[in-house]
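A.B. asks: coords below, sequence missing:
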């Protein structure tokens, strides 16, 4: 277990052997309001750095309890394992897995066996029942059921090619899998059908859609590097580029990719957000550092939304101007827009882990999560850094700049009890600290959690600093201020609202958990915001409150249960 000597409290000896729970005070709902299955919610990461795991398979009992109590949830987990985790945390989120634009290998031998971890190592589809051979289990049967497989030329149109419409000129994907033509209506329908089938009634809160990224690698998209010659041909430029498109430059190709992903996810998004329940759309967008390609498709447009958030895989892996791009685009497309961020990376060492967590703390919102060392059950001291609540995040990183210009700048994010500084320039930059009582946060240790759920030795110490501090090139500093007010307060608890329906007698039940007495109203409204019925208006005391109404006489459609008072809460209702 960790040493408790560096904390301001000491637990009774009888509790030191128990598995910890994170964060202190328990989870509360983030502002990202969805009607997830069984009234689960996206937890708030306000104040605390919280953890979302990449994959959890075949863990011993102690690690299952630890991850359930300390992690938000996991992707690449089998649905029948969900209850093992929800025995300790009913809100543990389970996300299924599918490649965004490709199929997994044709045979199960190419997918790792979760019991033995054997196989080629290529990641296959993680369906409710486990790793499967998608072609044999889902894709081929679906083709047949839709009358497509009877004509090979017909389903051949679902695959992307670089310069010729035949199987010897296929474009391959990273894993490698067949790369799909995401413009194709049959492929879009297949993705919508199979993913919603997996999620519906299978304990899933959404789907992680892997590899929605840009690339210029000839080897990545074309294994036949010498066909056509020369070796370094620009595969994305006409006539080798996307079939049916004229692409003369990287700018053309960037516009093509943004258009493809925009329309593709606008097709999938409403199928994940059905009338009765919402499912999360979470693609992998990598680090978003390619200069020629800014993934504006993440923002959606007037014709529809695209994603609920995204994973930035290998988060913070680049320095200098690319470090700037990663944070700038992460804020612009995700956290500054209130969307979910999964910041995933594998730490090379303590210093690199600290740097990347500093980047995360500079750009996190209230539904941002860390995923360090994916695939392992780990715990690091950076998770337990507590600077109090973070300041409101602007929708552009430029509003956080305190020195420098453009992509060579020093950025500052304030917290109630400290600040984070990140330097994206190639030179060290100094910053004059306001006031006194500043300390540099220093972390060490951490790592694997053992089979019993015990944490490796780790520590957080504080080195006094005054006057000014120097932030090295492409580095971050995390600073605490002991004189700040509110740092010793108990974690702020949010109001909670749970909505349930009895579809047989058309009764609606609203449960409110109020943390502090407040003036408020409880209403049912329509999608235009018009009040259908006010269930309560007045003073709500601290504690639990129940409301009930019949909705049998309402026209069919979507409505919202709304609480307004100390904050606002909205939940979807289906008639």
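C.D. replies: Alright, I've got the coordinates. Note that this is a predicted model, so its numbers are computed, not measured. Numbering: from 1, shown residues only.
A.B. asks: if I look at residue 153, how far off is residue 299?
C.D. replies: According to Cβ to Cβ, to the nearest Å, residue 153 and residue 299 sit 37 Å apart. Using the backbone N, CA and C atoms, a C-beta is placed for each residue, glycine as well.
A.B. asks: which one's more surrounded, these two?
C.D. replies: residue 299 (16 against 7; other Cβ atoms under 10 Å).
A.B. asks: that one contacts residue 336, doesn't it?
C.D. replies: No - assessed by Cβ atoms under 8 Å, residue 299 is found out of contact with residue 336, at 10.5 Å.
A.B. asks: give me the low-pLDDT residue ranges for this structure?
C.D. replies: 1-18, 105-124, 161-178, 214-235, 484-494, 501-504, 527, 567, 575 (pLDDT under 70).
A.B. asks: okay, domains of it per the record?
C.D. replies: 13-481, 496-574 (automatic domain parsing).
A.B. asks: please work out which of those domains is packed deepest.
C.D. replies: domain 13-481 (a mean of 19; mean count of other Cβ atoms under 10 Å).
A.B. asks: helix/strand/coil for residue 311?
C.D. replies: Under DSSP: H, G, I helix; E, B strand; the rest coil, the three-state class of residue 311 is strand.
A.B. asks: how far off centre is stretch 454-468?
C.D. replies: 28 Å (Cα atoms, centre = their mean, to the nearest Å).
A.B. asks: go on, stretch 435-451?
C.D. replies: Distance of stretch 435-451 from the chain centroid (Cα atoms, centre = their mean) equals 24 Å.
A.B. asks: please apply the same query to stretch 46-57.
C.D. replies: Using Cα atoms, centre = their mean, the offset of stretch 46-57 from its chain centre is 10 Å.
A.B. asks: what's the span of it, first residue to last?
C.D. replies: 29 Å (Cα to Cα, to the nearest Å).
A.B. asks: hmm, residue 520 and residue 535 touching each other?
C.D. replies: No - the pair residue 535 and residue 520 fails to qualify as a contact (Cβ under 8 Å) at a distance of 11.0 Å.
A.B. asks: quick one: contacts for residue 192?
C.D. replies: 267, 268, 271 (Cβ atoms under 8 Å, 6 or more residues apart in numbering).
A.B. asks: which members of those are positioned in helices?
C.D. replies: 267, 268, 271 (DSSP state H).
A.B. asks: and which of those residues is nearest residue 318?
C.D. replies: residue 268 (29.1 Å; Cβ to Cβ).
A.B. asks: now the strands for the stretch 351-500 of the chain?
C.D. replies: Counting by DSSP state E, counting those that start in this stretch, the stretch 351-500 of the chain has strands at residues 368-372, 378-379, 401-405, 408-415, 418-423, 429-432, 438-445, 447-448, 458-465, 468-471, 476-481, 496-502.
A.B. asks: indicate which one of those is closest to residue 28.
C.D. replies: strand 496-502 (7.1 Å).
A.B. asks: give me the helices and strands touching that closest one, please.
C.D. replies: Judged by 3 or more Cβ pairs under 8 Å, 6 or more residues apart in numbering; DSSP states H and E, the packing partners of strand 496-502 are strand 507-514, strand 558-565, strand 567-574.
A.B. asks: any chance of those in TSV, with distance to residue 35 too?
C.D. replies: Output for the helices and strands packed on strand 496-502, formatted as TSV (distance: least, Cβ to Cβ, whole Å):
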stretch	distance to residue 35
strand 507-514	13
strand 558-565	10
strand 567-574	4
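A.B. asks: out of the ones you listed, which gets nearest to residue 341?
C.D. replies: Of all these, strand 567-574 comes closest under Cβ to Cβ, at 21.9 Å.
A.B. asks: partners of that closest one in the sheet?
C.D. replies: Strand 567-574 has its sheet partners listed here by DSSP bridges as strand 558-565 (antiparallel).
A.B. asks: and the angle from the partner strand to strand 496-502?
C.D. replies: 150 degrees (axes from the mean of the first three to the mean of the last three Cα atoms, to 10 degrees).
A.B. asks: strand 558-565 versus strand 507-514: what angle between them?
C.D. replies: Using the same axes, to 10 degrees: strand 558-565 against strand 507-514 is 30 degrees.
A.B. asks: and stretch 401-411, how far out from the chain middle?
C.D. replies: 27 Å.
A.B. asks: quick one: end-to-end length of that stretch, please.
C.D. replies: 4 Å.
A.B. asks: again, but for stretch 21-39
C.D. replies: Stretch 21-39 end-to-end distance (Cα to Cα) = 21 Å.
A.B. asks: ok, stretch 270-281 next?
C.D. replies: Chord length of stretch 270-281, first to last residue, is 10 Å (Cα to Cα).
A.B. asks: can you list contacts of it?
C.D. replies: Outside stretch 270-281, the residues within contact range by Cβ under 8 Å, 6+ apart are 34-37, 42, 95, 192, 195-196, 199, 204-207, 209, 265, 268-269, 304, 306-309, 340, 558, 572, 574.
A.B. asks: could you rerun that using 7 Å?
C.D. replies: Residues outside stretch 270-281 that contact it (Cβ atoms under 7 Å, 6 or more residues apart in numbering) are 34-37, 95, 192, 196, 199, 205-207, 265, 268-269, 304, 307-308, 558, 574.
A.B. asks: any idea how far residue 352 is from residue 383?
C.D. replies: 16 Å.
A.B. asks: enumerate every residue touching the residue nearest the centre of the chain.
C.D. replies: By Cα atoms, centre = their mean, the chain has its centre lying nearest to residue 342, at 3.5 Å. Shown in contact with residue 342 (Cβ under 7 Å, 6+ apart): 52, 282, 311, 369, 371.
A.B. asks: export the strands of the stretch 351-500 of the chain to a markdown table and tack on distance to residue 542?
C.D. replies: Output for the strands of the stretch 351-500 of the chain, formatted as a markdown table (distance: least, Cβ to Cβ, whole Å):
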| stretch | distance to residue 542 |
| --- | --- |
| strand 368-372 | 29 |
| strand 378-379 | 34 |
| strand 401-405 | 41 |
| strand 408-415 | 27 |
| strand 418-423 | 30 |
| strand 429-432 | 42 |
| strand 438-445 | 35 |
| strand 447-448 | 41 |
| strand 458-465 | 34 |
| strand 468-471 | 42 |
| strand 476-481 | 31 |
| strand 496-502 | 12 |
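A.B. asks: off-centre distance for stretch 338-349?
C.D. replies: On the basis of Cα atoms, centre = their mean, stretch 338-349 sits 9 Å off its chain's mean C-alpha point.
A.B. asks: before we move on, back to that, a markdown table for the ones in helices among the contacts of residue 192, including distance to residue 295?
C.D. replies: Output for the ones in helices among the contacts of residue 192, formatted as a markdown table (distance: Cβ to Cβ, whole Å):
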| residue | distance to residue 295 |
| --- | --- |
| 267 | 17 |
| 268 | 16 |
| 271 | 21 |
